[in-house]
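> Predicted model, plus sequence, below.
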Protein chains: 2
Amino acid sequence: MPQQDRAYATREAILHAAAEEFDRLGYERTSLTAVLARAGLTKGAFYFHFPSKEAVADALIERQSELWAQVRESWRLRGVDPLSALHGMFAESADRMASDVVLRAGVRLNADREVGYPGVPSTHVMWEKLVAAYVIEAAGRGDLRAGVDPEAVARTLCGAALGSRLISSATTACTDFPQRIREVLDHVLPSVASSEWKLSGSQTASEPP
Amino acid sequence: MPQQDRAYATREAILHAAAEEFDRLGYERTSLTAVLARAGLTKGAFYFHFPSKEAVADALIERQSELWAQVRESWRLRGVDPLSALHGMFAESADRMASDVVLRAGVRLNADREVGYPGVPSTHVMWEKLVAAYVIEAAGRGDLRAGVDPEAVARTLCGAALGSRLISSATTACTDFPQRIREVLDHVLPSVASSEWKLSGSQTASEPP
């Protein structure tokens, strides 16, 4: 293997091993020693790639952030209506998280940084605004029932997605998160969408990661 | 103040000061020093009442557990239908948590112990079973729409309640939790309840804590 490929493989091995630990134990309880043991690497190899445990967490958080931008863009390109896009993005996100520990760890690390640190600008607020924008667009197309408050819908969906992820993570290592997120969508969207609205577009990613 | 009352007051002051810190920072990041400074107490006074930080957390967890049993019992005594009781208990819980930092800290500590410790018997599983029992009872009375899965409803409500609490805690110190939990109920129950079902009973506690 050329040196550059080997370096890349080592970096990925560190990210994956760290993700396994972070996903199970969270940031605080994860030890660098356990990560190295899992990856079969020396401290020297680790510090060649990352200056600290925090830097690995930063890289995992950055990666999940990039992925969500890609998921949004892929659903934009499908050109489905906004409620269908929301349904598709929530379902796809859960599917990806159930199957990808690197993504799951990044999401957990990002959330853990904020919950318990009051005053940190919140990803939750950002997500709620983003989801509300889709619901507002749906309202403009006449896809909502009368009296539905788009911001309230966004708060409900984001809260339910967060709590479902945490319970799924604690009880089934996220295995049942795809089912749980679809149950949330099935219980919330009928109260929100007009009786004429119909779900369109595939509910899962056309190209798996 | 008689000595017994003074001892009780000191114990409550410790619980309250610890709750303020745990609620803001979680278990790991809360220091005994900060708790003592907040309560205006010495280490000696603290150790007279509790052997450790963990023992204070245990007491707070125990207290919230007792309170939920009381809330359930009070709603049982009202004799309202099971979906109305669920609505009332979720709303009352959120109201109490928004106004009571001791309760809020106990709930957070209990949840934090489990999330991130795979294999610990989960309060989430217990709550989901408990909520499902109400929805199953509602099904038996014909209060549900055809095809509704009581376990799925329980998963959605418990997930949404957890996530709403965490986002509310991170963004508004739980101030908007009562609003968020009512939004969840308003978005989920119409998809679950039969068109004949009507909410009955007060939505808030008749006797504040």
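Structure's in. What do you need?

> Please see if the helix or strand harbouring A:A133 touches chain B.
Secondary structure assignment for A:A133, by DSSP states H and E: helix A:123-140. Yes. Using Cβ under 8 Å from any Cβ of the partner chain, helix A:123-140 reaches chain B at A:124-125, A:128. (Glycine included, C-beta is placed from N, CA and C.)

> Output those in TSV; the columns should cover pLDDT and neighbour count.
Output for the residues of helix A:123-140 next to chain B, formatted as TSV (pLDDT from 0 to 100; neighbours: other Cβ atoms under 10 Å in any protein chain shown):
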residue	pLDDT	neighbour count
A:H124	86	21
A:V125	88	14
A:E128	95	21
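
> pretty sure A:R72 is touching A:G88, no?
No. Applying Cβ atoms under 8 Å as the test, A:R72 and A:G88 come out as separate, 10.4 Å apart.

> And the two? Which one has more around it.
When A:R72 and A:G88 are compared for neighbours, A:G88 comes out ahead with 23 against 14, by other Cβ atoms under 10 Å in any protein chain shown.

> confidence score at the more buried one?
pLDDT, A:G88: 97.

> Now do it against A:D95, distance only.
10 Å (Cβ to Cβ, to the nearest Å).

> Need the overlap of contacts for those two.
Common contact partners of A:G88 and A:D95 (Cβ atoms under 8 Å, 6 or more residues apart in numbering or on different chains): none.

> Now do the helix or strand bottoming out on mean pLDDT in chain A against helix A:123-140, angle only.
Using mean pLDDT, DSSP states H and E, the weakest-scoring helix or strand in chain A turns out to be helix A:101-114, at a mean of 88. Using axes from the mean of the first three to the mean of the last three Cα atoms, to 10 degrees, the inter-axis angle of helix A:101-114 relative to helix A:123-140 is 110 degrees.

> Just the C-alphas of helix A:101-114, formatted as PDB.
The C-alpha trace of helix A:101-114 is given here as PDB (Å, rounded to 0.1, in the frame of the first residue of the first chain):
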ATOM      1  CA  VAL A 101     -21.100   3.900  13.900                       C
ATOM      2  CA  VAL A 102     -18.900   6.800  12.700                       C
ATOM      3  CA  LEU A 103     -21.900   8.900  11.900                       C
ATOM      4  CA  ARG A 104     -23.700   7.800  15.100                       C
ATOM      5  CA  ALA A 105     -20.700   8.800  17.300                       C
ATOM      6  CA  GLY A 106     -20.500  12.200  15.500                       C
ATOM      7  CA  VAL A 107     -24.100  12.900  16.200                       C
ATOM      8  CA  ARG A 108     -23.800  11.800  19.800                       C
ATOM      9  CA  LEU A 109     -20.700  13.900  20.400                       C
ATOM     10  CA  ASN A 110     -22.300  16.900  18.800                       C
ATOM     11  CA  ALA A 111     -25.400  16.600  21.000                       C
ATOM     12  CA  ASP A 112     -23.400  15.800  24.200                       C
ATOM     13  CA  ARG A 113     -21.400  19.000  23.700                       C
ATOM     14  CA  GLU A 114     -24.500  21.100  23.900                       C
END
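
> What are the contacting residues of that helix?
A:15-16, A:18-20, A:22-23, A:26-27, A:57, A:60-65, A:67, A:96-97, A:120, A:122-124, A:162, A:165, A:169, A:174, B:170.

> Going through those, which ones are buried?
A:15-16, A:18-20, A:22-23, A:26-27, A:57, A:60-61, A:63-64, A:67, A:96-97, A:122-124, A:162, A:165, A:169, A:174, B:170 (16 or more other Cβ atoms under 10 Å in any protein chain shown).

> where exactly do the helices run in chain A?
Per DSSP state H, chain A carries helices over the ranges A:3-29, A:32-39, A:43-49, A:53-78, A:82-99, A:101-114, A:123-140, A:150-172, A:177-192.

> All set now, cheers.
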